[in-house]
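K.L.:
Sequence plus the predicted model coming up.
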Amino acid sequence: CFNWLRCDFCSLQLEEEEAKSSFDVDVAVTNPEKVGDGMNAYMAYKVSTRSSLSMFKSKAFTVRRRFSDFLGLYEKLSVKQSLHGCIIPPPPEKSVVGMTKMKVGMDDPSSVEFLERRRAALERFLQRVVSHPLLLQDPDVREFLERDDLPRAVNTQTLSGAGFLKMITKASDAVSKMTIKMNESDTWFEDKFQEVEAEEQQLRKLHVVVDSLVNHRKELCVNTAIFAKSMAMLGNSEDSTALSRALSQLAEVEDKMEQLHQEQAASDFFIFAELLADYIRLLAAVRGCFDQRVRSWQRWQEAQSTLQKKREAEAKLLWANKPDKLQQAKEEITEWEARVTQYERDFDRVGMAVRKEVLRFEKEKTKDFKSQIVKYLEAMLQSQQRLIKFWEAFLPEAKAIA
Amino acid sequence: MLVPGSGSALRSVSVDLNNDASLVIDIPDALCERDMVKFTVHTKTTLSSFQKPDFSVPRQHEDFIWLHDTLVETEEYAGLIIPPAPPKPDFESPREKMHKLGEGEASMTKEEYAKMKQELEAEYLAVFKKTVQVHEVFLQRLSSHPVLSKDRNFQIFLEYDQDLSVRRKNAKEMFGGFFKNMVKSADEVLISGIKEVDDFFEQEKTFLLDYFSKIKDSTAKAEKMTRSHKSRRGFLSKNANLGSVCELKNQKFEFLLEKLSDLFEKLRKVEGRVASDQELKLTELLRYYMRDIQAAKDLLYRRARALANYENSNKALDKARLKSRDIPQAEEHQQQCLQKFDRLSESAKKELTSFKGRRVMAFKKNLVEMAELEIKHAKVSLTAHPIKHTV
């Protein structure tokens, strides 16, 4: 009954191979390097792309980008009309504490972890962007990947800290406050929206749980290391030779345990916790798309009501017999008729885009979770195997005590 | 709550016990009544000094303390290592949890409640095992000691089928804990200050003082580590929430999370067993020997006191000779002190030597068992894994 994952693992590999053949862009974010000194310093990351697609100038190329460049890319994509209805992957969040530490040049483990966390998050962000068929075609994306000298992005202040989520929530609130309520001919959208909200809540709860798991493992690490040291001292103090050696060995095993716990905590965090954090933000982005559709509908409705007003104004003018003003009114009506048609088309288009996007997103999400869970379990498995080796090595030492 | 009897071989942190079949003691079960624990002390003996060959009596923790204290106060046993008294049963932690469980009952699902209750019962059981073990070992140490096993009070403890609380009260009035209080304060100073003529004791003293502080430290650190290990378990159980994510319509996703939740449950159970085994084998071992070494130090203290008395009696004799007064009494006193000191030293030497052997064997036994259990549990959790290493 535990073959479920093995079967799924095989089918996952198959899916991956299929996907690879129809889609051929590989991006990696690596080698963070500090540029400059003092408070103006920043981290530059190496962004490498490999692709056989003809739209790129070459098959493999590298550029250097800084964090604000990524934010700038997101900013550009999120305001494009043509991409309305698309789920644009949110970038990682700004962190004043993290960046200050980096500028100051701190080398402690938490700074190292911060940097790795950011690098991995930027990589995932880019991977999601390029695996989206529409986004891949976008010139801004291509420029980001290819252009050696990218103009610095401004206006990235909006995305600090929890800024992204706040932005989405503010937009949502604005939508719900609108007086013209949308009457859905198609319940699909309403149902899906509620589903998305529910899932977001659940993942948040899960994220809290995993977070506390990580912290506890870290605490266990610390206590194990302290214990190992104490055990080593006890071994030194012991006057029976064989027991002394065994105690020293025990201290070493406990040290190795600490390392295992450390790695397990990292695995919990980087594989699991970050996955959840990503999807909580992605689900917020999905909600954002639904809101875009509603706004699009509202724009259409507003245009219709404006058109109506213009027609009434025209009728009034006919009565009042003001030929020059009448001409202007007729022109305005034509203009607004065109707008109404355009906005209706936009609304339909956004609706279709949202539908397609959500279905695609759900498939990706299942795949993503599955592959991360497999990675997590593999790491856990290896950890257990090493644990066994450590204790098996210790056992003869313990038995040799006389 | 009753604790089922389990083989004493599994439980002892001390070894070389119960080799002698003439007096075999064990604690087959214990009852927890509110604040009190009642241990059933079971004795099997071939000795004629006992009225029956096979009998059991109920005893409280306080009875054990009474027995320990009377042994310590007995002048005759000054040259022996008196086995350390078992610590008071501590149900504080599970009791607190039970309280929390009761309060939070309304806000939990039936499943969650059942799971927490199960966890709580396991914790109660673990505390039980620990306290029964430590009380049992105390009695077994006594029964395997050539001199202490013959103690009259020990026999009363094992046999007397009435309540011991009357005796306990009398004893308190007699000694008033005087000796104990006196010992604790001047302990270290006296032992280290004494001029040692005997190499053996010099070495022992140095070793024991150093070892004690190290093992005390190790015990504290081990306790901290064990506590971390245990609290970690509790959090994995919250993953039961994973089940509720499944109200979503995406079936594949739901299935995935459900299976993951199952796996976490299984792993959590294994972790729990690892944590409590580690506690029993390692932390309890260190805790016990810390107390045992304290008892050995107490022996050294008593010997040091006897030596101090002897030295004082020498000085008194010199003074008497100077004053030409009370010389015979002074000589007599000096002789007595010397004899007492010599007897104590001889007995102490034997005790400390056998103590060393016992300690080394106990460590060996527990370290081996702990390693074997760690391997066993890790292998079990491997089989629970859906991915085999071949994939």
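P.N.:
Great, that's in hand. Nothing here was measured: the structure is a model prediction, and the numbers come from that model.
K.L.:
all helices for chain B, in order.
P.N.:
Ranges of helices in chain B, per DSSP state H, are B:8-11, B:61-73, B:92-104, B:110-143, B:152-159, B:165-175, B:178-193, B:199-237, B:251-278, B:284-323, B:327-384.
K.L.:
how distant is the longest one from the center of its chain?
P.N.:
In this view, helix B:327-384 has its centroid 14 Å away from the chain centroid, taken as CA atoms, centre = their mean, to the nearest Å.
K.L.:
Could you say which helix or strand holds the most centrally placed residue in chain A?
P.N.:
Nearest to the geometric centre of chain A sits residue A:278, at 3.7 Å (CA atoms, centre = their mean). Using DSSP states H and E, the element containing residue A:278 is helix A:274-320.
K.L.:
list the helices and strands that helix packs on?
P.N.:
Secondary-structure packing of helix A:274-320 (3 or more CB pairs under 8 Å, 6 or more residues apart in numbering or on different chains; DSSP states H and E): helix A:109-130, helix A:163-177, helix A:187-237, helix A:323-399. Glycine gets a C-beta too; all of them are placed from N, C-alpha and C.
K.L.:
cutoff 6 Å now
P.N.:
The contact analysis (3 or more CB pairs under 6 Å, 6 or more residues apart in numbering or on different chains; DSSP states H and E) places helix A:274-320 against helix A:163-177, helix A:187-237, helix A:323-399.
K.L.:
Just give me the lowest mean pLDDT stretch among these.
P.N.:
For these, mean pLDDT drops lowest on helix A:163-177, to a mean of 67.
K.L.:
about what we covered before: looking at the helices and strands packed on helix A:274-320, which is buried most?
P.N.:
Mean neighbours per residue, mean count of other CB atoms under 10 Å in any protein chain shown, is largest over those for helix A:187-237, with a mean of 18.
K.L.:
tell me which residues of the next helix-or-strand element following that one are tucked away?
P.N.:
Counting by DSSP H and E, the next helix or strand C-terminal to helix A:187-237 is helix A:241-267. Neighbour-count burial for helix A:241-267, counted by 16 or more other CB atoms under 10 Å in any protein chain shown, picks out A:242-244, A:246-267.
K.L.:
and the angle from helix A:241-267 to helix B:327-384?
P.N.:
40 degrees (axes from the mean of the first three to the mean of the last three CA atoms, to 10 degrees).
K.L.:
Now do the same for helix A:241-267: mean pLDDT, whole number.
P.N.:
On average, helix A:241-267 scores 89.
K.L.:
now check that helix, is it near chain B?
P.N.:
Yes - for helix A:241-267, a contact with chain B is found by CB under 6 Å from any CB of the partner chain, at residue A:243.
K.L.:
Next, the angle helix A:109-130 makes with that helix.
P.N.:
40 degrees.
K.L.:
If we go by neighbour counts, what in the strand or helix carrying residue A:33 is buried?
P.N.:
Applying DSSP H and E as the criterion places residue A:33 in strand A:25-35. By neighbour count with 16+ other CB under 10 Å, strand A:25-35 contains the buried residues A:25, A:27, A:28, A:29, A:32.
K.L.:
related to what we said a few turns ago, now distance to residue A:108 too, for the helices and strands packed on helix A:274-320, in CSV please.
P.N.:
What follows is the helices and strands packed on helix A:274-320, written out as CSV (distance: least, CB to CB, whole Å):
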stretch, distance to residue A:108
helix A:163-177, 27
helix A:187-237, 14
helix A:323-399, 24
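K.L.:
Tell me which residues touch the nearest residue to residue A:332 once chain neighbours are set aside, please.
P.N.:
Leaving aside its chain neighbours, residue A:332 sits nearest to residue A:310 (5.2 Å; criterion: CB to CB, 6 or more residues apart in numbering or on different chains). By CB atoms under 6 Å, 6 or more residues apart in numbering or on different chains, the contact set of residue A:310 is A:332, A:333, A:336.
K.L.:
if we go to 7 Å?
P.N.:
Residue A:310 makes contacts with A:329, A:332, A:333, A:336, as judged by CB atoms under 7 Å, 6 or more residues apart in numbering or on different chains.
K.L.:
Tell me who's in contact with the last one.
P.N.:
Counting by CB under 7 Å, 6+ apart, residue A:336 touches A:303, A:306, A:307, A:310.
K.L.:
Could you rerun that using 10 Å?
P.N.:
A:303, A:304, A:306, A:307, A:308, A:309, A:310, A:311 (CB atoms under 10 Å, 6 or more residues apart in numbering or on different chains).
K.L.:
go on, the third one?
P.N.:
By CB under 10 Å, 6+ apart, the contact set of residue A:333 is A:307, A:310, A:311, A:313, A:314.
K.L.:
And for the first one?
P.N.:
With contact set as CB under 10 Å, 6+ apart, residue A:329 has these partners: A:310, A:311, A:313, A:314, A:315, A:316, A:317, A:318, A:322.
K.L.:
at 7 Å instead, please
P.N.:
A:310, A:313, A:314, A:317.
K.L.:
Okay, strands next: where are they in the stretch 1-150 of chain A?
P.N.:
In the stretch 1-150 of chain A, the strands defined using DSSP state E, counting those that start in this stretch lie at A:25-35, A:42-51, A:60-66.
K.L.:
Go through these and name the closest to chain B.
P.N.:
Set against chain B and scored by CB to the nearest CB, these come closest in strand A:25-35, at 24.2 Å.
K.L.:
tilt between the closest one and strand A:60-66?
P.N.:
40 degrees.
K.L.:
Parallel or antiparallel, list what pairs with strand A:25-35.
P.N.:
Looking at strand A:25-35 with DSSP bridges, its partner strands are strand A:42-51 (antiparallel).
K.L.:
and the partner strand, which residues are buried?
P.N.:
Per 16+ other CB under 10 Å, strand A:42-51 contains these buried residues: A:43, A:44, A:45, A:47, A:48, A:49, A:51.
K.L.:
go on, stretch B:70-89?
P.N.:
Applying a neighbour-count criterion of 16+ other CB under 10 Å, the buried positions in stretch B:70-89 are B:70-73, B:77-86, B:89.
K.L.:
Just put the strands of the stretch 1-150 of chain A in JSON lines and tack on mean pLDDT.
P.N.:
Written out in JSON lines, the entries for the strands of the stretch 1-150 of chain A read as follows (pLDDT from 0 to 100):
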{"stretch": "strand A:25-35", "mean pLDDT": "88"}
{"stretch": "strand A:42-51", "mean pLDDT": "89"}
{"stretch": "strand A:60-66", "mean pLDDT": "91"}
